[in-house]
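>>> Kindly return the folded structure for what I paste below:
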Amino acid sequence: MALETGVKAPDFSADTDGSGTVSLKDYSGKWVVLYFYPKDDTSGCTKEACSFRDNMERITGLGAVVLGVSPDKASSHKKFSEKYNLNFILASDTDKSICTKYDIMGEKSMYGKKYLGVIRTTYIINPEGNIAHVFSNVKVEGHTDAVIGKLQELRG
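Numbers count the residues shown, from 1 in each chain. You can find the predicted model right below:
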């Protein structure tokens, strides 16, 4: 179960695709679209990342930034980001501590085998650092438009 709206978004610090680190507190006073995805360079994750990339002007026009998080290593994020010219930060959560804080790990199944994995989830965090909206079990198709629509609504 994802975190609920109204609660303080847990802070985190993580390595990034650009050989630096990122913390949620770096974006205090801004709207943040924090999205969790399972794996770099897979079909659904690529489609989602490219949709955020292609709509970045609309998102930044609403005063928001996008941060992507997955359990992949920073080096994997770097290759993924460069391959698709991504224009936002990808945070590496190899120990899944951020995923755990945001409660987005869940049982998944592949080829009949069950395992614990990342449930595709997006949080919109308001400038005060509280969770303003949660998209759980995200379906990639149309997701970016839904996020933009919700940002517009939340900003009034």
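
>>> host element of the residue nearest to the spatial centre of the chain?
Geometric centre of the chain, nearest residue: Y35, 1.4 Å, by CA atoms, centre = their mean. In the assignment (DSSP states H and E), Y35 maps to strand 31-36.

>>> On the pLDDT front, check the residue lying farthest from the centre of the chain for me.
Centroid-distance maximum for the chain: G112 at 27.3 Å, with CA atoms, centre = their mean. G112 carries a pLDDT value of 86.

>>> What distance do you get for it to S23?
Noted for G112: a distance of 39 Å to S23, by CB to CB, to the nearest Å. All C-beta atoms are positioned from the backbone trio N, CA, C, and that covers glycine.

>>> How about S136?
For S136 relative to S23 (CB to CB), the value is 24 Å.

>>> Between the two, which is the more surrounded one?
S136 (15 against 12; other CB atoms under 10 Å).

>>> Tell me if I'm right that the more buried one and T5 touch.
No. The pair S136 / T5 is not scored as a contact, 11.4 Å apart, by CB atoms under 8 Å.

>>> What sits closest to V32 if chain neighbours are left out?
Leaving aside its sequence neighbours, V32 sits nearest to I125 (CB to CB, 6 or more residues apart in numbering; 4.2 Å).

>>> quick one: contacts for that neighbour?
Counting by CB atoms under 8 Å, 6 or more residues apart in numbering, I125 makes contact with A9, L24, Y27, W31, V32, L34, I131, A132.

>>> Can you list the helices and strands that the lowest-mean-pLDDT helix or strand in the chain packs against?
The weakest-scoring helix or strand in the chain, judged by mean pLDDT, DSSP states H and E, is strand 105-110 (a mean of 83). If you count contacts as 3 or more CB pairs under 8 Å, 6 or more residues apart in numbering; DSSP states H and E, strand 105-110 packs onto strand 113-118.

>>> Tabulate the CA atom coordinates of the strand it packs on in CSV.
Extracted in CSV, the C-alpha atoms of strand 113-118 (Å, rounded to 0.1, in the frame of the first residue of the first chain):
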residue,chain,number,x,y,z
LYS,A,113,7.2,-17.3,-10.2
LYS,A,114,6.3,-14.9,-7.4
TYR,A,115,8.8,-12.3,-6.2
LEU,A,116,8.9,-8.9,-4.4
GLY,A,117,9.3,-6.0,-6.8
VAL,A,118,8.6,-2.4,-7.4
